[in-house]
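[1] Would you be able to build a 3D model of this:
(2 chains)
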Amino acid sequence: MILQTITFYLFAAITIAAGFMVIAARNPVHSVLYLILAFFTSAGLFVLIGAEFIAMILVIVYVGAVAVLFLFVVMMLDINFTELRQGFLQYLPIGGLIGLALLIELIMVVGVWQFGPEVAGHAIPQATTNGMTNTEALGNIIYTQYVYAFQAAGVILLIAMIGAIVLTHRTRPGVKKQRISSQVYRDPKTTIEVKKIKPGQGI
Amino acid sequence: MANPWPDNGLLTLVWFVLCILAVMLPVVLAVAFVIYFDRKIWAAMQLRRGPNVVGPFGILQSFADGIKLVLKETVVPASANKGVFFIAPVLTFVLAMVAWAVIPWGYINGVKLVISDINVGILYLFAISSLGVYGIIMSGWASNSRYPFLGGLRSAAQMVSYEVSIGFVLITVLLCVGSLNLSDIIEAQRNMWFFIPLFPMFIIFLISALAETNRPPFDLPEAEAELVAGYQVEYSSMTFAMFWLGEYANILLMCAMISILFFGGWLPPFAFLDFIPGPIWLILKIAVFFFVFSWVKAAVPRYRYDQLMRLGWKVFLPISLGAVVVVSGFLVAFDLLPNKG
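    Numbers count the residues shown, from 1 in each chain, chains lettered A, B, ... in the order given. Prediction:
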């Protein structure tokens, strides 16, 4: 167990430090990189409690796709760093309030499990179910008990995606595009004209 | 591999380190020879001799190059973002190495040769290969220079695009297996290798693997003719060597993934060839696919960027998405699902 404990504290410490650096780093690109580190170490924590499926999905979805797009956008922005710092005090109360609300919620959730399991109605769910890989366990619960919620989430995401495309899509005139089909359907008869040219004469 | 000291102490750590070295050192050595192999194939296809000076048939060329790179000076651009600049090649190299932890090499005397036989092996490989983009995008940004930055951006867009179709191809394979464990995937192919029923998926995976590893014809991130060498422009000496090693280790990994997903990993092609141990089969298959990678590199001209994106999003994505529906429909209709219950 000693190795697991050491690994846990290592990952937990890195996660917290990285999380802090996300808001403390001066350079926004560094912030995103710290965010990625935080995601990655949280995936490590998931592995430690035996939730390997969630861990891998966290890495694939958040680190492999979402954070790449974050980084992509942040890298391309032309940011004035001093300007970025100016609104700090202005937004501090709102940010602090949200942080406090989240902290209280977390304390309530964890505290109930810790101090009064009978109030919560059930104990802390175990990541490792007996005799079943947690991919299987998750599949079983998502596609039976929560199938409507799951489908609804999918539909909402689809609508959000279509909405984003509709809002940002614009057709500009004069853009050159390659049309593969019209290229394929070109044939020599309509595009090439063979002319016989007599010597010493032009066309 | 079974742990001889299962008491979770310091000895376990020692055992893991030994296991890791047992896989990592051969991979790094293999990379050195594979670079030589690649250059030789490429030369042969262009009717050149290729490296032939260092050692017999030039076989030690990669080591000479390695020593040269180690002895060179590391040049850091004045306006580079130092920390990120140095983390990028290390990240590329480390990610290319850690992925090998879950590759199963077969059985020798009934002992399964794999560092970590995890339940979600294929997802782990997918996750690690999707992280590979960070090394490139970070190096592109940290170099603080135009060409690397363009290379980094191209690479990010390219890898994200092709990952989607790779993901769907993996799903079609997993539908036929019913497990995310790599050993189970191989065992499921004992009767028939998956490239026979899933041939179109194999082709899509092969092409996407080329795009994912930035190999020609999809090497736009490092297109010499337009971007000099893309994200690697500012790198020299050991940092450059790490990119190089990481890139080739990734290519080998993709070859290993193709062998495992579609060509039965360590299974022999015919049952009577069972006496040859599993690792040899897997290594042979990896070598064959590496040859295919080199062949493509020598034979196919580079794609234009919009064509690359078109292929990823307008051709592969619909086909692979359709294939997921077709394969799952087929499996349900003919009652062939692996795990019923």
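[2] Can you list the low-confidence ranges for the stretch 201-341 of chain B?
    Residue ranges of the stretch 201-341 of chain B with pLDDT under 70: B:223-225, B:227-228, B:339-341.
[3] If we use 90, what do you get?
    For the stretch 201-341 of chain B, the stretches with pLDDT under 90 are B:209-247, B:250, B:263-282, B:297-315, B:331-341.
[4] Of all the residues in it, which one is nearest chain A?
    B:Asp306 (6.6 Å; CB to the nearest CB). The way it works is simple: take the backbone N, C-alpha and C, and place the C-beta from them, glycine included.
[5] Can you get me a residue count around that residue?
    Using other CB atoms under 10 Å in any protein chain shown, B:Asp306 is surrounded by 11 other residues.
[6] Then B:Gly151?
    30.
[7] residue contacts, it?
    B:136, B:140, B:221-223, B:227, B:229-233 (CB atoms under 8 Å, 6 or more residues apart in numbering or on different chains).
[8] Would you state the predicted confidence (pLDDT) at the nearest residue to the residue of the stretch 201-341 of chain B closest to chain A once chain neighbours are set aside?
    Using CB to CB, 6 or more residues apart in numbering or on different chains and skipping the chain neighbours, the partner closest in space to B:Asp306 is A:Gln178 (6.6 Å). Note for A:Gln178: predicted pLDDT of 78.
[9] For A:Gln178, give me its contacts.
    Counting by CB under 8 Å, 6+ apart, A:Gln178 has contacts B:306-307, B:310.
[10] name the helices or strands packed onto the helix or strand encompassing B:Ser294?
    Here B:Ser294, judged by DSSP states H and E, is contained in helix B:278-299. With contacts taken as 3 or more CB pairs under 8 Å, 6 or more residues apart in numbering or on different chains; DSSP states H and E, helix B:278-299 sits against helix B:10-45, strand B:107-108, helix B:199-212, helix B:237-262.
[11] Out of those, which is the most enclosed?
    helix B:237-262 (a mean of 23; mean count of other CB atoms under 10 Å in any protein chain shown).
[12] quick one: that one near chain A?
    No: applying CB under 8 Å from any CB of the partner chain, one finds helix B:237-262 separated from chain A by no less than 14.5 Å.
[13] need the contact list for the residue of chain B found nearest chain A.
    The nearest approach of chain B to chain A comes at B:Ser130, 3.0 Å away (CB to the nearest CB). Contact partners of B:Ser130, counting by CB under 8 Å, 6+ apart, are A:59-60, A:63-65, B:159, B:163.
[14] swap the cut-off to 7 Å and go again
    Taking CB atoms under 7 Å, 6 or more residues apart in numbering or on different chains, we find B:Ser130 in contact with A:60, A:64, B:163.
[15] low-confidence ranges in chain A?
    In the predicted model, chain A carries pLDDT under 90 at residues A:1-7, A:22-33, A:46-57, A:59-96, A:106-146, A:169-203.
[16] go with 50
    Judged by pLDDT under 50, chain A has no weakly predicted residues.
[17] Residues of it that sit close to chain B?
    Within reach of chain B by CB under 7 Å from any CB of the partner chain, chain A has these residues: A:1-3, A:29, A:33, A:52-53, A:56, A:59-60, A:63-65, A:68, A:71-72, A:75, A:133, A:135, A:178.
[18] hmm, try it at 6 Å
    Taking CB under 6 Å from any CB of the partner chain as the measure of proximity, chain A contacts chain B at A:3, A:52-53, A:56, A:59-60, A:64, A:68, A:72, A:75, A:133, A:135.
[19] Kindly reformat those as TSV containing neighbour count.
    Output for the residues of chain A next to chain B, formatted as TSV (neighbours: other CB atoms under 10 Å in any protein chain shown):
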residue	neighbour count
A:Leu3	13
A:Glu52	24
A:Phe53	21
A:Met56	26
A:Val59	26
A:Ile60	21
A:Gly64	26
A:Val68	23
A:Phe72	18
A:Met75	19
A:Thr133	18
A:Thr135	20
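[20] and which of the residues you listed is nearest to chain B?
    Lowest distance from chain B to these (CB to the nearest CB) belongs to A:Gly64, with 3.0 Å.
[21] Phi and psi next, for the nearest residue to the closest one once chain neighbours are set aside.
    Computed as CB to CB, 6+ apart, the closest residue to A:Gly64 that is not its neighbour in sequence is B:Ser130, at 3.0 Å. Taking degrees, to the nearest 10, you get phi -80, psi -20 for the backbone angles of B:Ser130.
[22] Tell me the pLDDT of B:Ser130.
    The per-residue pLDDT reported for B:Ser130 equals 84.
[23] Convert stretch A:45-53 to CSV, retaining C-alpha atoms only.
    C-alpha atoms of stretch A:45-53 as CSV (Å, rounded to 0.1, in the frame of the first residue of the first chain):
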residue,chain,number,x,y,z
LEU,A,45,-6.0,9.8,-9.3
PHE,A,46,-8.9,8.1,-11.1
VAL,A,47,-6.7,5.2,-11.9
LEU,A,48,-5.6,5.0,-8.3
ILE,A,49,-9.2,4.5,-7.1
GLY,A,50,-9.7,1.9,-9.9
ALA,A,51,-11.9,4.0,-12.2
GLU,A,52,-9.6,3.3,-15.2
PHE,A,53,-12.3,3.9,-17.9
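[24] Helices - which of the contacts of A:Gln178 land there?
    The helices, defined by DSSP state H, take in B:306-307, B:310 from these.
[25] Just put the residues you listed in JSON lines and tack on distance to A:Val155.
    Listed next are these as JSON lines, based on distance: CB to CB, whole Å:
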{"residue": "B:Asp306", "distance to A:Val155": "32"}
{"residue": "B:Gln307", "distance to A:Val155": "33"}
{"residue": "B:Arg310", "distance to A:Val155": "28"}
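[26] residues touching B:Ile260, list them.
    B:Ile260 sits next to B:Leu182 when contact means CB atoms under 6 Å, 6 or more residues apart in numbering or on different chains.
[27] let's see it at 7 Å
    B:182, B:185-186.
[28] One more: B:Val177?
    B:184-185, B:188, B:338.
[29] Equivalent analysis for B:Phe205, please.
    B:Phe205 touches B:166, B:169, B:258, B:261, counting by CB under 7 Å, 6+ apart.
[30] How much space separates the residue of the stretch 201-341 of chain B closest to chain A from A:Val112?
    55 Å (CB to CB, to the nearest Å).
[31] Return the item of the contacts of B:Val177 having minimum pLDDT.
    Within the contacts of B:Val177, pLDDT is lowest for B:Pro338, at 77.
[32] part of a strand, is that residue?
    No: per DSSP: H, G, I helix; E, B strand; the rest coil, B:Pro338 lies outside any strand segment and is coil.
[33] Now it. Nearest residue, chain neighbours left out?
    B:Gly178 (3.1 Å).
[34] Could you tell me which residues of chain B lie near chain A?
    Counting by CB under 7 Å from any CB, the residues of chain B close to chain A are B:8-9, B:12-13, B:84, B:118-120, B:123-124, B:126-127, B:130-131, B:133, B:137, B:141, B:156, B:160, B:163, B:180, B:306.
[35] do that again at 6 Å, thanks
    So far as CB under 6 Å from any CB goes, chain B lies against chain A at B:8, B:119-120, B:123-124, B:126-127, B:130, B:133, B:141, B:156, B:160, B:180.
[36] hang on, the earlier thing: which among the contacts of B:Val177 end up buried?
    Buried members of the contacts of B:Val177, scored by 16 or more other CB atoms under 10 Å in any protein chain shown, are B:184-185, B:188.
[37] Now do the contacts for B:Val169.
    By CB under 6 Å, 6+ apart, the contact list for B:Val169 reads B:201, B:204-205, B:320.
[38] before we move on, the earlier item: could you check how far the residue nearest to A:Gly64 is from B:Asn52?
    Counting by CB to CB - B:Ser130 and B:Asn52 are separated by 39 Å.
[39] again, but for A:Met108
    Distance, A:Met108 to B:Asn52, using CB to CB: 72 Å.
[40] Perfect, that will be all.
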